[in-house]
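**Q** Quick one: sequence and predicted model below, then my questions.
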Amino acid sequence: MKHRHLFKKISFLILLAALVSAFAFGRSEVNDFELISVIPQLVVRDVASAATFYQERLGFEILQREKENDVMNYALLRSGNIMIAFQTDRKLREDFPGLRPSKPTNNVNLIFRSNNVKAIYDKVKGRTEIIKELQTTFYGASEFSLRDPNGYILTFAQLAD
């Protein structure tokens, strides 16, 4: 009889714990929406030259551009499903008052996946600074890296099949 009472208490506690867990973790507000993509917006000194580099060397198309006093201060570019934006520091601080001045950094590595990294490599080789030659990585990807005119590192990778 004593064991039956203990068994009922333990069963009740297990059921209670399961209900609390289901309530606390089963419904997540994060699942109420879906993130679709991310568009990196890089601070650059010269938006026009950044846009030209990505357009002419990497095949991006310019979707939007904003000029002020005949100087381009914003550009949005696309290549396939990839989008990237460029903005001057002044324009960024205008949009977000209170930000301290920033400067472009070479501590950012944007990794672009491709289905033909060798074709991209052949297209840019000799036309821009390659900082890591085309190679097969220890995880089987083919990749290379270059530096854009603002110092950002761009890595192009084709994953192993």
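**A** Perfect, thanks for sending it.
**Q** any idea how far residue 61 lies from residue 93?
**A** Going from residue 61 to residue 93 by Cβ to Cβ, to the nearest Å gives 28 Å. C-beta: built from backbone N, CA, C; applies to glycine.
**Q** Between the two, tell me which one has more neighbours.
**A** Using other Cβ atoms under 10 Å, the more surrounded residue of residue 61 and residue 93 is residue 93, with 16 against 10.
**Q** Number of residues surrounding the residue lying closest to that one once chain neighbours are set aside?
**A** Counting by Cβ to Cβ, 6 or more residues apart in numbering, residue 93 lies nearest to residue 99, which is 4.8 Å off, once chain neighbours are set aside. Residue 99 has 11 neighbouring residues, counting by other Cβ under 10 Å.
**Q** May I have the phi/psi pair for the nearest residue to residue 124 once chain neighbours are set aside?
**A** Excluding the flanking residues, the one nearest residue 124 by Cβ to Cβ, 6+ apart is residue 57, at 5.5 Å. As for residue 57, its main-chain torsions (degrees, to the nearest 10) stand at phi -90, psi -30.
**Q** And the pLDDT for the residue nearest to residue 93?
**A** Predicted confidence (pLDDT) at residue 99: the value is 78.
**Q** Might you list the low-confidence residue ranges for this structure?
**A** Counting by pLDDT under 70, the chain has low-confidence residues at 1-31, 35, 101-106.
**Q** Which parts of it are helices?
**A** With DSSP state H, the ranges of helices along the chain come out as 2-26, 47-58, 89-95, 117-124.
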